[in-house]
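>>> Just the structure for this:
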Amino acid sequence: MKKLLALLCALVMMLGVAAGCTGPANGNDPSAGNNGGSTGPDGRTRSAEQTYRMLYNSEVSTLNYLYSASEIDMIFGANCVETLVSSDSYGNLQPAAATSWEVSDDGLTWTLKIREGMKWYDYTGAEKGEVTAEDWVTGAEWVLNAANDSSNSHMMNGYIAGAQEYYDYTSAIVKGETPAEAVSADSIGVKAIDKYTLQYTLTQPRVYFLSLLEFGCYYPMSAACIEENGADLGIDNTRMWYCGAYLMDEFAPQQIHVYVKNPNYWDAENVHIERVERKYNAEAGTLAPTMFLNGEIDYTEISSDLLAEWMSNEDTAKLVSPTIKQIDYSFYFGFNFEPMFDEQYEPDNWRIAVNNENFRKSIYHGLDRIRALQVEFPNNANDMVSNSITPSGFARNGNKDYTTYGDLAKITETDSFNEKLALEYKAKAIEEMTAAGATFPVKILMQYNGDATWAKECLVMKQQLEALLGADYIEIIINNFGAQNFLSGTRRCGNYAMQRLNGGAGYVDPETWLFMTQEGNNYTFAFDTTEVFEKSTKSAETTAIVEKYYELIEKAKLETIDVDARYTAFANAEAYYIDHAMVIPYRASGGIYNGTKLNPFEGVYSSCGWGYLKYKGLYVYDTAMSGDMFSSQLASWEAARGE
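Okay, here's the model as predicted:
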């Protein structure tokens, strides 16, 4: 027996998902239409001509959204193709191409009703055919056929029943092998039950399944479009079909991309920007600020180096605002438990240090994260700091944030920086480490990729930590590894002692962050690394902590229906890991400074997937948003989200 949508609402609302609701995606009154000259919520006047202009400096490789996983490529897909569900301005999933959905009692089968009357168009707006459930089946089959070499297949393999088997079969064919058994595309758990009914069968219950649907591999594609364009699919705007908010009117690589509003889009009343002009300039990062001041474009990023200059001038200071704190990436400081760096940095001594919990806690409580954050975020460091690996606001059960569950709640509410505690743990560490044969100061190799801002951040951390704990206790050695092969040459091979690390979200659930700490990860190597490095030098104490953490994680994974129980279990596991100072949480993504004539609170707010690239819901204003306007809008936005 299936739970109808009315019953499902209780579950999906726990996830911050508004199921089966109607209304504009941005929460504005749809009667506002495209009212140029009207006043927006921050007091600015909306431009009479709704044209949005900006620069870009990296060209797309393809417009085929089923193939690419690149942000620059997916601007096209996010704006020109409709997804089954779409985030609103508060991060709640709303009906889009799917008008409703239901899930089976065992959580394995999701059935969605496709909006009737949606059409496919070419780039001129000429109708090409009707959008039906079969288009999502076609898209899935294309992604999972290894011959197409899609970058998105991993977001279906392991999630959709039969996906991995079909991908492995087609992969063997591509390699010239002869599989023991043929696997048909019909075995993939994506079915068109009828013209307007789509069904997904999962490998296991996933309460967060709807959040996956904003990724490119879950986008629709007409079989007729594939047949019509063949090998030329996605090479330019004339070789794709459209069913989203925009049509790509012009595509001139390294010159200009022009998007125009699709007048036949089902929710056209909530598409306010009529035209988007993205002009190419290899020096966009350097030239955009000046062009913004001259009124030639409507957006510019403002680097931390330029920020001080703009803020010191009354005329330019009022043009600066931060971006909304994003929650698609989490940054933290990791300790490397299997050092593979050069002898000059004393890896054996570091092994003693990193396996001593009191040493780790002296760093955990000794690091002033706010001071470090002020390098990149001088005016909003307090807003950017994160006390947990899972960023606050990322996953919610109704209005209750994941980070307020279980043992994680206390950590969320407390600043880890505590000079008194840091010095107490230092004293304990010195006694224990000396007995274990350690020498002082402990050398801490800290790598960075050549970025000037990151270099300053490392220097601030070195000065602050050594001043507090003593240069006779630790010696932080900052090394510019360079940008080329940075990850493979540092984090992924254990060539660091302590380093700023980060990872991205794949779906809206705390489990999405586990790849950075689970067994086999190439982040901190706290697990048994015998198979990775042919050795594992963790202490019995560290091994016990990690094994207990993995036990807590496995317990949390078993909670597949009760969201409260699931979040509590994951929160307890995360708190356990942090309590033992295995990592130092730092910040989430976003928060950079910009000059913008948009109001970001009117657009899509999405934790994962490509929804954040959409222009839908946004207006262009005559003037730039100021910092005060941003702060006021942020307060209203957070109140509406229940934060």
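
>>> Now the lengthiest strand in the chain: buried residues?
The longest strand of the chain (DSSP state E) is strand 325-335. Across strand 325-335, burial judged by 16 or more other CB atoms under 10 Å covers 325, 326, 327, 328, 330, 331, 332, 333, 334, 335. Every residue, glycine included, has its C-beta placed from N, CA and C.

>>> what does stretch 515-533 give?
Along stretch 515-533, these residues count as buried under the neighbour rule (16+ other CB under 10 Å): 516, 517, 521, 523, 524, 525, 526, 527, 528, 529, 532.

>>> Surely the fifth one is in contact with residue 337?
Yes. Under the contact definition of CB atoms under 8 Å, residue 524 touches residue 337, with a separation of 5.8 Å.

>>> Any idea which of the buried residues of strand 325-335 the model trusts least?
Within the buried residues of strand 325-335, pLDDT reaches its minimum at residue 326, with 77.

>>> Now do the contacts for it.
588, 589, 590, 591, 612 (CB atoms under 8 Å, 6 or more residues apart in numbering).

>>> does residue 544 sit in a helix, a strand or a coil?
helix (DSSP: H, G, I helix; E, B strand; the rest coil).

>>> ok, how many other residues are close to residue 193?
12 (other CB atoms under 10 Å).

>>> picking up where we left off before, will you turn the contacts of residue 326 into CSV that also has secondary structure and neighbour count?
Compiled in CSV, these are given as follows (DSSP: H, G, I helix; E, B strand; the rest coil; neighbours: other CB atoms under 10 Å):
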residue, secondary structure, neighbour count
588, strand, 25
589, strand, 18
590, strand, 19
591, coil, 19
612, helix, 21
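
>>> which one of those is nearest residue 112?
Nearest to residue 112 out of the contacts of residue 326 is residue 612 (CB to CB; 22.5 Å).

>>> From residue 101, how far off is that closest one?
Distance check for residue 612 against residue 101: by CB to CB, to the nearest Å, it reads 22 Å.

>>> do you know how far residue 589 is from residue 250?
Counting by CB to CB, the gap from residue 589 to residue 250 is 31 Å.

>>> what about stretch 589-607, distance to the chain center?
Taking CA atoms, centre = their mean, to the nearest Å, one finds the center of stretch 589-607 at 14 Å from the center of the full chain.

>>> Could you list the low-pLDDT ranges of the protein?
1-34 (pLDDT under 70).

>>> domain parsing for it?
Taking automatic domain parsing as the reference, the chain has its domains at 2-28+64-243, 331-588.

>>> got those as JSON lines, with distance to residue 608 columns?
Shown next, in JSON lines, are the domains of the chain (distance: least, CB to CB, whole Å):
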{"stretch": "domain 2-28+64-243", "distance to residue 608": "6"}
{"stretch": "domain 331-588", "distance to residue 608": "4"}
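
>>> Who's the closest spatial neighbour of residue 417, skipping the chain neighbours?
Leaving aside its chain neighbours, residue 417 sits nearest to residue 368 (5.0 Å; criterion: CB to CB, 6 or more residues apart in numbering).

>>> I figured that neighbour was touching residue 467, is that so?
No. Between residue 368 and residue 467 there is no contact under CB under 8 Å: 10.0 Å.

>>> Compare the two and say which is more crowded by neighbours.
residue 368 (18 against 10).

>>> what residues are up against that one?
417, 464, 468.

>>> Repeat the analysis, applying 10 Å as the threshold.
374, 415, 416, 417, 419, 422, 460, 461, 464, 465, 468 (CB atoms under 10 Å, 6 or more residues apart in numbering).

>>> Inside helices: which ones of these?
419, 422, 460, 461, 464, 465, 468 (DSSP state H).

>>> distance of the first one from residue 425?
Taking CB to CB as the criterion, residue 419 is separated from residue 425 by 11 Å.

>>> Residues that sit against both of the two, list them.
By CB under 10 Å, 6+ apart, the residues touching both residue 419 and residue 425 are 365, 366, 469.

>>> Turn these into JSON lines, including neighbour count and distance to residue 160.
Compiled in JSON lines, the shared contacts of residue 419 and residue 425 are given as follows (neighbours: other CB atoms under 10 Å; distance: CB to CB, whole Å):
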{"residue": "365", "neighbour count": "23", "distance to residue 160": "45"}
{"residue": "366", "neighbour count": "25", "distance to residue 160": "46"}
{"residue": "469", "neighbour count": "23", "distance to residue 160": "50"}
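
>>> will you turn those residues into TSV that also has distance to residue 582?
Compiled in TSV, the shared contacts of residue 419 and residue 425 are given as follows (distance: CB to CB, whole Å):
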residue	distance to residue 582
365	14
366	16
469	19
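
>>> just to revisit the earlier point, CSV please, covering the contacts of residue 326 and showing distance to residue 152.
Shown next, in CSV, are these (distance: CB to CB, whole Å):
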residue, distance to residue 152
588, 24
589, 21
590, 24
591, 28
612, 17
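
>>> Show me which of the ones in helices among the contacts of residue 368 is closest to residue 197.
Distance to residue 197 across the ones in helices among the contacts of residue 368 (CB to CB) is lowest for residue 461, with 55.3 Å.

>>> Can you name the residues that contact that closest one?
Counting by CB under 10 Å, 6+ apart, residue 461 has contacts 333, 363, 367-369, 371-372, 375, 444, 446, 476, 478, 498, 500.

>>> Point out the ones among these that are inside helices.
363, 369, 371, 372.

>>> Give me the buried subset of those.
Using 16+ other CB under 10 Å, the buried ones in those are 363, 369, 372.

>>> Include distance to residue 135 when you put those residues into a markdown table, please.
As requested, these are exported to a markdown table (distance: CB to CB, whole Å):
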| residue | distance to residue 135 |
| --- | --- |
| 363 | 53 |
| 369 | 47 |
| 372 | 48 |
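
>>> Tell me the one of the residues you listed nearest residue 89?
Nearest to residue 89 among these, with distances taken as CB to CB, is residue 369, at 29.2 Å.

>>> How about that closest one: what's its closest non-neighbour residue?
For residue 369, the closest residue by CB to CB, 6+ apart turns out to be residue 385, at 5.4 Å.

>>> need the contact list for the one you found.
Per CB under 10 Å, 6+ apart, neighbours of residue 385: 369, 370, 372, 373, 377, 415, 416, 417, 585, 586, 587, 588.

>>> what sits against the last one?
Applying CB under 10 Å, 6+ apart to residue 588 gives the contacts 325-331, 383-386, 388, 390-394, 502, 505.

>>> Kindly report the same for the first one.
Listed by CB under 10 Å, 6+ apart, the contact partners of residue 369 are 333, 381, 384-387, 415-417, 461, 464, 584-587.

>>> quick one: which of those residues is nearest residue 91?
Once CB to CB is applied, the member of these that ends up nearest residue 91 is residue 386, at 16.6 Å.

>>> Give me the neighbour count for that closest one.
23.

>>> how near is it to residue 331?
8 Å.
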